[in-house]
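Engineer: my questions concern the predicted model and sequence given below.
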Amino acid sequence: MPQVLLIDDVGNKLGVVQTGQALQMARDKGLDLMEVAPNAQPPVCKICDFGKYKYEKKKKDHQARKKQVVVKIKEVQLRPQTEQHDLDYKFRNARQFLEDGDKVKVTLMFRGREVAYADQGYKMLKQMVELLKDVALIEAPPKLEGRKMIMVLGPAPKKPGQKSAAPKIP
């Protein structure tokens with residue numbers, strides 16, 4: 001019959017015992033025998049109340065989820081022919097998203113032969129970064145993927161008394 005290293009309900013090591021004997025000791029106390037480390041030689045088992053263990057684990061997981069921060073990605077879509085007033089409006093929206101702590105994905109869409117003038121797109125995105133340099137950091141620089149130019153901006157860390165450096169676009 002296999003042997004296990006046994007730990008009692010208080011946390012004291014009882015040493016290496018037969019599996020049947022460990023089960024009997026757990027039953028005598030009205031508790032369960034739980035395998036803690038199955039890959040150890042010999043396997044480690046603990047005498048505990050399994051229902052109480054599951055309850056405490058569930059509460060611990062709930063607390064961990066409560067402290068978790070979910071980062072949202074907002075998207076701002078532009079075209080090379082977008083007029084200045086509309087650009088200002090989009091930039092204001094992007095600034096608000098960044099101030100709220102969300103990431104901003106800027107998508108510049110080209111149609112037809114507009115893709116031949118990708119340098120205009122780079123200029124437009126560079127202008128956007130200049131306007132948002134105090135609240136944004138470039139997480140993914142502008143990259144042309146097919147007929148779309150995509151850039152991802154993240155919120156800049158808020159530290160008192162620190163000047164933000166202007167991010168550079170190639």
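Structural biologist: On my side now, so go ahead. Numbering: from 1, shown residues only.

Engineer: could you list the alpha-carbon positions for the lengthiest strand in the chain in PDB?
Structural biologist: Longest strand in the chain, counting residues (DSSP state E): strand 136-145. C-alpha atoms of strand 136-145 as PDB (Å, rounded to 0.1, in the frame of the first residue of the first chain):
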ATOM      1  CA  ALA A 136      -0.600  59.900 -23.900                       C
ATOM      2  CA  LEU A 137       2.300  57.500 -24.600                       C
ATOM      3  CA  ILE A 138       2.700  55.600 -27.800                       C
ATOM      4  CA  GLU A 139       2.300  51.900 -27.200                       C
ATOM      5  CA  ALA A 140       2.300  50.900 -30.900                       C
ATOM      6  CA  PRO A 141       3.800  53.300 -33.400                       C
ATOM      7  CA  PRO A 142       1.900  54.000 -36.700                       C
ATOM      8  CA  LYS A 143       2.000  50.900 -38.900                       C
ATOM      9  CA  LEU A 144       0.500  50.500 -42.400                       C
ATOM     10  CA  GLU A 145      -1.500  47.300 -42.600                       C
END
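
Engineer: chain center to that strand: distance?
Structural biologist: Taking C-alpha atoms, centre = their mean, to the nearest Å, one finds strand 136-145 lying 19 Å from the centre of the chain it belongs to.

Engineer: buried residues in that strand?
Structural biologist: For strand 136-145, burial by neighbour count (16 or more other C-beta atoms under 10 Å) applies to A136, L137, I138, P142. Quick note: C-beta positions are derived from backbone N, CA and C, even for glycine.
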